[in-house]
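**Student:** All I have is the shape, not the residue letters:
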């Protein structure tokens, strides 16, 4: 699986958009970008994934650059409950593949 | 409705004991996993089963033995517990892209 690089921590004001960057310069053509988050003391939670195109769901938007070497997770209106560690993971699609978690980005949403 | 459940939530035991953690998913998924999160918060895959067959077995001591009686269950048995086994263990299941995680079992070995 390709390696990812994320900032260690970020802050965001409540109600504002949170933009979390991720670099994955060694991504291969059949690898997807996945985002998960882990709220304190809970199990990781799937957020969104994408291959080439930008994606949006009820939780977030995922913007992938044209060369696919980086991506940004956008939480449009961050709330205090969005405070968590956010993980960007690159791997092949399919249900039989493990997730390799890095250190992630601790996002702190401030009132 | 709980999608992925684990029991127990907390487990405190002494070195040398044998213990089991149970996991059940009601999502109808074919693939299930065990992950370990240590005190430094690193999450690492341990095992993966697909339709009751072992497909991923990372470098895990033989003292750890997963068992899948059916597609909906993946239990983790640990023999001769050591201090270093203290961690939070997460079970997960998946369908194509998304993995769903359980709430975790915090194991403390004293």
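**Tutor:** That came in fine, so what should we check first? This structure is a prediction, so every number in the text was calculated from the model and none was measured. Residues are numbered from 1 along each chain as shown, chains lettered A, B, ... in the order given.

**Student:** Flag every buried residue along stretch A:6-26.
**Tutor:** A:6, A:10, A:12, A:18, A:20, A:22, A:23, A:24 (16 or more other C-beta atoms under 10 Å in any protein chain shown). Where C-beta positions appear, they are placed from N, C-alpha and C, glycine not excepted.

**Student:** same question for it, mean pLDDT?
**Tutor:** Averaged across stretch A:6-26, the pLDDT comes to 97.

**Student:** Excluding chain neighbours, what is closest to the closest residue to chain B within chain A?
**Tutor:** Residue nearest to chain B within chain A: residue A:43 (3.2 Å; C-beta to the nearest C-beta). Spatially, and ignoring its direct neighbours in sequence, residue A:43 is nearest to residue B:101 (3.2 Å; C-beta to C-beta, 6 or more residues apart in numbering or on different chains).

**Student:** How many residues are close by the one you found?
**Tutor:** Around residue B:101 sit 24 other residues, with neighbours defined as other C-beta atoms under 10 Å in any protein chain shown.

**Student:** quick one: it from residue A:44, how far?
**Tutor:** For residue B:101, the distance to residue A:44 (C-beta to C-beta, to the nearest Å) stands at 5 Å.

**Student:** for residue A:82, same thing?
**Tutor:** 14 Å.

**Student:** So between those two, which is more surrounded?
**Tutor:** Taking other C-beta under 10 Å, residue A:82 and residue A:44 do not tie; residue A:44 has more neighbours (25 against 19).

**Student:** give the contact list for the more buried one.
**Tutor:** A:36, A:37, A:38, A:87, A:99, A:101, B:43, B:90, B:92, B:99, B:101 (C-beta atoms under 8 Å, 6 or more residues apart in numbering or on different chains).

**Student:** can you pull the contacts of the spatially most central residue of chain A?
**Tutor:** With distances taken as C-alpha atoms, centre = their mean, the residue of chain A nearest its centroid is residue A:35 (3.4 Å). Contact analysis of residue A:35 by C-beta under 8 Å, 6+ apart lists A:20, A:22, A:46-49, A:60, A:62, A:73, A:86-89.

**Student:** so where's chain B shaky on pLDDT?
**Tutor:** Low-confidence segments of chain B, defined by pLDDT under 70, span residues B:1.
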